[in-house]
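S.K.: Sequence and predicted model, in that order:
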4 protein chains.
Amino acid sequence: MDELDIEAVADPDLQDPVLVEGLPGVGHVGKLAVEHLLEEKESELVRRVYSEHFPPQVSVADDGTTELACAEIHAVELDDRDLLVLTGDHQASDNTGHYRLTDAFLDVAAEFDVETVYALGGVPTGELMDEYDVLGAATHEEFAEELRDAGVEFREDEPAGGIVGTSGLLLGLGERRGFRATCLMGETSGYLVDPKSARAVLEVLEDVLGFEVNFDSLEERADDMEDVANKIQEMENQQSGMATDENLRYIG
Amino acid sequence: MDELDIEAVADPDLQDPVLVEGLPGVGHVGKLAVEHLLEEKESELVRRVYSEHFPPQVSVADDGTTELACAEIHAVELDDRDLLVLTGDHQASDNTGHYRLTDAFLDVAAEFDVETVYALGGVPTGELMDEYDVLGAATHEEFAEELRDAGVEFREDEPAGGIVGTSGLLLGLGERRGFRATCLMGETSGYLVDPKSARAVLEVLEDVLGFEVNFDSLEERADDMEDVANKIQEMENQQSGMATDENLRYIG
Amino acid sequence: MDELDIEAVADPDLQDPVLVEGLPGVGHVGKLAVEHLLEEKESELVRRVYSEHFPPQVSVADDGTTELACAEIHAVELDDRDLLVLTGDHQASDNTGHYRLTDAFLDVAAEFDVETVYALGGVPTGELMDEYDVLGAATHEEFAEELRDAGVEFREDEPAGGIVGTSGLLLGLGERRGFRATCLMGETSGYLVDPKSARAVLEVLEDVLGFEVNFDSLEERADDMEDVANKIQEMENQQSGMATDENLRYIG
Amino acid sequence: MDELDIEAVADPDLQDPVLVEGLPGVGHVGKLAVEHLLEEKESELVRRVYSEHFPPQVSVADDGTTELACAEIHAVELDDRDLLVLTGDHQASDNTGHYRLTDAFLDVAAEFDVETVYALGGVPTGELMDEYDVLGAATHEEFAEELRDAGVEFREDEPAGGIVGTSGLLLGLGERRGFRATCLMGETSGYLVDPKSARAVLEVLEDVLGFEVNFDSLEERADDMEDVANKIQEMENQQSGMATDENLRYIG
């Protein structure tokens, strides 16, 4: 295998497509969001990206068959404009790998004449949330304006540490290659896999890209997570007499 | 030295050979299994694979001579079909190295017209075992069927974290190169080097590949390990009044 | 993107320029010093250096736009001789990267006919300071003499562990490429971002390079830090009855 | 700078030279031994080896001048046969670097027609020593015999974990390139820099290579270390009522 190996699975004609990325990250917000999209909409796998910068690992499916660590890019054809949806189980396992994989993802985007990139993720707040704002960052000021109009928050000094990993580099490398790109970050406690935050991010995307998606299954998942959170809090209460959100461990 | 250096030691004509891998891993199950095979059957060293992706290390033999870290591939000629047995003291020391070494192992397999690969390993259960099931994963559904018929268990969501290291990549990279491959994982506590689990895995291999091997020496080794485990448990009992399996540390 | 990517932004004619480096490090002394220079003097961005040896990260500006991790080199035109000022938010994220990035910085310096390099940094003393000596190290003994005349301290066995990172390599690689180079290290506790230490280093630079800079804003920042330090010490006093400098954590 | 950069400083004609390596390691035994050799005998620096696999670091000499991290090879001309003495302040900072640097060291050895390599080091015993045996390992059985005749101990299963780093690879890679090589390991507690162990190793070398060296300064250093060890033990005794060797921390 080469350092990077892009397997072309299909080459549909897409209508003015945008790239939407949702790899694992804070609260699995980005990954939950794009997985929900792929469940609710018809999609077609168009590319697999293998790389020795992914962990040396296979996953095992329910039928016992294995799949080599990779990222997948699916085409989702919508009414207004189509999506290329990037997802997978892994981020790169080394810094250089982040750069090289992101460049490969942008190569695929360029092949399909993508001009705009939406990186989806979460931003940790450190406390359990009732309301889920979506924070944004963008490569171009005008793009930020557009997103602000769609309800995305742009706040000084947030996220404090910048944006790391594939999401960050889709903006950083993307801008240098002539893409306009944004990272939409749903607020999330950071302790739990957070379907509600994923919904908040998807709602922005619906608004900006002009499509609709049914959220029932994501809501069910959110309810399940709430049950988990409540049980943990009860256990904490019993053990310590007084529990705080901070005691919750990261659980998915 | 180059990044990878495959030293050709012998080039026997082999009859429809399969590759059997047993590098260090959980409970040393895979390594124990192939070492037992090499002790019980006549074998011939055919390849040594050196790499700067192995630890920078020599081992010292009983006569004081040293050997550079490497993996070895031995030919074992059996009645029905022959084996290429891959073993050694080390996994790759970095992620990229896992990919490159596994590709090198598959290069050797291809040279000998191998079509099928058996990666042997252990799967940790977290508790001391009485019965030793063998879990499987495979590149192709039909291959999984064959193995299921031979008593291999295929269970949903197991192993939970997928299969990592050389064993995992023999399936992941192997499939992409046209091999069919399986990983046979003996259940094992994960705390002790586990000859019984190695026997369980070898028994599957006997069945599938149509050979027989004497298990006396492996049983002796299992008895030794049991003595060790019992002593530890006694010590634990004396110290804590009540010992649980979980208290046992990984000992080999 | 290539492993290293030097973006030429401007190519002013500079008068006998020297390179002044201030990347993040102990007490952020070097970075504070060059940032203060760039705030007080007119400057022009001449180069951006991108590299996959920087963290895979974008920073987010107050207007919500992002910038890919990079180092920047600014030209500062002064009366006597001009400066090329190297700064940024990151050191290389791996050892090899330190070597390759420093070589790239020296490439830019060579392009502008730089002959002398000033690496600015801090040296940790482990205790809060009242007086701020500036320690030095240099590629050539005559250069060390010149700096000693300007009040720089050269002490046996200091800094004990040598000089690491870009600052160290600007001397190590610089000397091999024919530059003369020094590292000017302001003493600093090592617990706090230290504007006073940055001022001490800048004062040496003023003296050696024959320019003047207003320190008002740096003094304000120093006062702010002192307030922080005092508050921490009070809190420590309340908690433990008796606080020592050593209890202070690194805060910026 | 290239990945590896061998600077030729001198090219003396050497008489049947052997390579003697003493880089930092357990108890600094190897480094102490070769440093003592270089202090006691006239020597000439013949090569410096720079590499981005060394830490990104300069050391600072007493006069304030800096030197880039490197390994040095000195020629020592003796009555019978000459030595190429390899020393420095650093091992490689990554696994691949160990392989590449050791190959570079062997390149230099080959240039000077070296046929035999002596890697010097320590082997940790975990307890303070009164007698200092020297353990050996060698590339060839006949070479091991010769060393056994000179009092070197060859023991089954020792050193247990094999030999790592440059010393190990000088044997591992050296053998593959046609050198005969040995690692002479002085027993040492592992807690302290150990000049006595270094002397034991040098005495073997004197015997095998037919030269003599004065040990006065090494003995003084050993006495200093003994004072340090005694003071620590006193402190331990006062603190705990009862001190064991195991309580001593690694101190140099």
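M.R.: Cool, got the structure. In this text, all values refer to a predicted model and were calculated from it rather than measured experimentally. Numbers count the residues shown, from 1 in each chain, chains lettered A, B, ... in the order given.

S.K.: only C-alpha atoms for contact and neighbour calcs from this point on.
M.R.: OK.

S.K.: What's the per-residue pLDDT of A:D245 here?
M.R.: We have a pLDDT of 41 for A:D245.

S.K.: Please report how far the residue lying closest to A:D194 once chain neighbours are set aside lies from chain B.
M.R.: Nearest residue to A:D194 in three dimensions, chain neighbours excluded: A:G27, at 5.4 Å (C-alpha to C-alpha, 6 or more residues apart in numbering or on different chains). As judged by C-alpha to the nearest C-alpha, to the nearest Å, A:G27 and chain B stand 19 Å apart.

S.K.: got it, and A:I163?
M.R.: As judged by C-alpha to the nearest C-alpha, A:I163 and chain B stand 24 Å apart.

S.K.: Wait, that residue touches C:S59, no?
M.R.: Yes. With contacts defined as C-alpha atoms under 8 Å, A:I163 counts as touching C:S59 at a distance of 6.5 Å.

S.K.: Can you tell me which helices and strands the lowest-mean-pLDDT helix or strand in chain A packs against?
M.R.: Lowest on mean pLDDT, DSSP states H and E among the helices and strands of chain A sits helix A:216-240, with a mean of 84. Helix A:216-240 sits against helix A:195-209, with contacts defined as 3 or more C-alpha pairs under 8 Å, 6 or more residues apart in numbering or on different chains; DSSP states H and E.

S.K.: Which parts of the stretch 1-150 of chain A are strands?
M.R.: Along the stretch 1-150 of chain A, the stretches classed as strands by DSSP state E, counting those that start in this stretch are A:4-8, A:18-22, A:44-51, A:57-60, A:66-68, A:71-76, A:83-88, A:116-124, A:134-138.

S.K.: contact partners of the fourth one?
M.R.: Here strand A:57-60 makes contact (C-alpha atoms under 8 Å, 6 or more residues apart in numbering or on different chains) with A:66-69, B:137, B:157-159, B:161-165, B:168-169, B:171-172.

S.K.: what does stretch A:20-33 give?
M.R.: Here stretch A:20-33 has contacts from A:34-35, A:83-91, A:117-124, A:166-167, A:186, A:188-195, A:197-199, A:201-202, using C-alpha under 8 Å, 6+ apart.

S.K.: Format the CA atom coordinates belonging to it as PDB.
M.R.: Taking C-alpha atoms only, stretch A:20-33 is exported to PDB below (Å, rounded to 0.1, in the frame of the first residue of the first chain):
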ATOM      1  CA  VAL A  20     -19.400  18.000   4.700                       C
ATOM      2  CA  GLU A  21     -17.000  16.500   7.200                       C
ATOM      3  CA  GLY A  22     -17.800  14.600  10.400                       C
ATOM      4  CA  LEU A  23     -14.900  12.600  11.800                       C
ATOM      5  CA  PRO A  24     -14.600  11.500  15.400                       C
ATOM      6  CA  GLY A  25     -14.100  14.400  17.800                       C
ATOM      7  CA  VAL A  26     -15.400  16.300  20.900                       C
ATOM      8  CA  GLY A  27     -18.800  14.700  21.900                       C
ATOM      9  CA  HIS A  28     -18.700  12.800  18.600                       C
ATOM     10  CA  VAL A  29     -20.900  15.700  17.400                       C
ATOM     11  CA  GLY A  30     -19.600  15.900  13.800                       C
ATOM     12  CA  LYS A  31     -19.600  12.100  13.300                       C
ATOM     13  CA  LEU A  32     -23.200  11.800  14.800                       C
ATOM     14  CA  ALA A  33     -24.400  14.600  12.500                       C
END
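
S.K.: Now the closest residue to chain D within chain A: closest residue in space, sequence neighbours ignored.
M.R.: Nearest residue of chain A to chain D: A:D94, at 14.5 Å (C-alpha to the nearest C-alpha). Nearest residue to A:D94, sequence neighbours excluded (C-alpha to C-alpha, 6+ apart): A:H53, at 6.5 Å.

S.K.: Contacts only, for that neighbour.
M.R.: Contacts for A:H53 (C-alpha under 8 Å, 6+ apart) come out as A:3, A:92-94, A:97-98, A:101, B:95-96.

S.K.: got the buried residues for stretch A:75-86?
M.R.: Neighbour counts over stretch A:75-86 (16 or more other C-alpha atoms under 10 Å in any protein chain shown) mark A:75-78, A:82-86 as buried.

S.K.: any idea which of the residues you listed is closest to C:T182?
M.R.: The nearest member of the buried residues of stretch A:75-86 to C:T182, counting by C-alpha to C-alpha, is A:L86 at 48.2 Å.

S.K.: Identify the residues contacting the closest one.
M.R.: Neighbour list for A:L86: A:19-23, A:34, A:71-74 [criterion: C-alpha under 8 Å, 6+ apart].

S.K.: could I get these as JSON lines with distance to A:D223?
M.R.: Formatted as JSON lines, these follow (distance: C-alpha to C-alpha, whole Å):
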{"residue": "A:L19", "distance to A:D223": "29"}
{"residue": "A:V20", "distance to A:D223": "26"}
{"residue": "A:E21", "distance to A:D223": "25"}
{"residue": "A:G22", "distance to A:D223": "22"}
{"residue": "A:L23", "distance to A:D223": "23"}
{"residue": "A:V34", "distance to A:D223": "19"}
{"residue": "A:A71", "distance to A:D223": "29"}
{"residue": "A:E72", "distance to A:D223": "28"}
{"residue": "A:I73", "distance to A:D223": "29"}
{"residue": "A:H74", "distance to A:D223": "28"}
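
S.K.: For chain A, what lies in contact range of chain C?
M.R.: Chain A has residues A:95-96, A:98-100, A:103, A:136-141, A:144, A:154-159, A:161-166, A:168-169, A:171-173 near chain C, with proximity defined as C-alpha under 8 Å from any C-alpha of the partner chain.

S.K.: Show me which of those residues are buried.
M.R.: Judged by 16+ other C-alpha under 10 Å, buried ones among the residues of chain A next to chain C: A:95-96, A:98-100, A:103, A:136-140, A:144, A:154-155, A:158-159, A:162-166, A:168-169, A:171-173.

S.K.: can you list the weak-confidence ranges in the stretch 101-250 of chain A?
M.R.: A:240-250 (pLDDT under 70).

S.K.: Please repeat the previous calculation with a cut-off of 80.
M.R.: Applying pLDDT under 80 to the stretch 101-250 of chain A picks out residues A:128-129, A:233, A:236-250.

S.K.: of all of the stretch 101-250 of chain A, which residue lies closest to chain B?
M.R.: Proximity of the stretch 101-250 of chain A to chain B (C-alpha to the nearest C-alpha) peaks at A:L101, 13.9 Å away.

S.K.: wait, isn't that residue in contact with A:H90?
M.R.: No. Counting by C-alpha under 8 Å, A:L101 stays clear of A:H90, with 11.2 Å between them.

S.K.: Looking at these two, which is more packed in?
M.R.: Between A:L101 and A:H90, counted using other C-alpha atoms under 10 Å in any protein chain shown, A:L101 has the larger neighbour count: 25 against 15.

S.K.: and the residue of chain A closest to chain D, how many residues sit next to it?
M.R.: Other residues close to A:D94 by other C-alpha under 10 Å number 17.
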